[in-house]
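**Student:** show me how the following folds:
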Amino acid sequence: MSTPTARELAEQLFQYLAADDLQTAAALFAPSVDFSIPGAPGIPWIPQADSPAGMLEFFSRLPTHLDRKKFEISKVLADTEDVVVVGHLISMVRTTGRDIDSRFVLHLSVRDGQISRYHLYEDSWAVAQALAV
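**Tutor:** Predicted coordinates for the structure are as follows:
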């Protein structure tokens, strides 16, 4: 069996997440993960994650705090080790009922057939505003 390409791993990740198969999604990650989602501190669905277990915690927190309304990918750029996904998401924060409406860019890196980087760039102002009470 051949090692999946970076693009194939990204596609698998999105398929598993869409199917709510969080354990399998987390298993795609390397033992050490470079995880980053810049923004305001204290966002309850963004843990410190640096491993498959941390990624599982992150993926598990999302539906606890957010209701997904839209997740649309408009472009995927990939080479042998990196994938950049460009898209648009809308999620409702359950505690406030407000929407996060944001364009996003996700940068994944792959090493030795596993995802080693997960950097998500989104509108942190929109996140903070939707979370504010």
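
**Student:** how near is the closest residue in space to residue 47 that isn't next to it in sequence to residue 106?
**Tutor:** Leaving aside its chain neighbours, residue 47 sits nearest to residue 57 (5.0 Å; criterion: C-beta to C-beta, 6 or more residues apart in numbering). (Glycine included, C-beta is placed from N, CA and C.) Per C-beta to C-beta, to the nearest Å, residue 57 is found 18 Å from residue 106.

**Student:** likewise residue 78?
**Tutor:** Applying C-beta to C-beta to residue 78 and residue 106 gives a distance of 12 Å.

**Student:** surely residue 92 is within a helix?
**Tutor:** No - checked against DSSP: H, G, I helix; E, B strand; the rest coil, residue 92 lies outside a helix; its state is strand.

**Student:** ok, now which ones touch it?
**Tutor:** With contact taken as C-beta atoms under 8 Å, 6 or more residues apart in numbering, residue 92 is in contact with 66-67, 69, 98-100, 130.

**Student:** quick one: which of the residues you listed sit in helices?
**Tutor:** Secondary structure from DSSP state H places residue 130 of those in helices.

**Student:** ok, the contacts of residue 92 vs residue 42, which is closest?
**Tutor:** Distances from residue 42 to the contacts of residue 92, taken as C-beta to C-beta, are shortest for residue 130 (13.6 Å).

**Student:** count the neighbours of that closest one for me.
**Tutor:** 20 (other C-beta atoms under 10 Å).

**Student:** my read is that it contacts residue 94, right?
**Tutor:** No - using C-beta atoms under 8 Å, residue 130 makes no contact with residue 94, being 10.5 Å away.

**Student:** okay, and the beta partners of the residue minimising distance to the centre of the chain?
**Tutor:** Centroid check for the chain by C-alpha atoms, centre = their mean gives residue 120 as the closest residue, at 6.3 Å. For residue 120, the beta-bridge partners are residue 106 (DSSP bridges).

**Student:** that'll do, ta.
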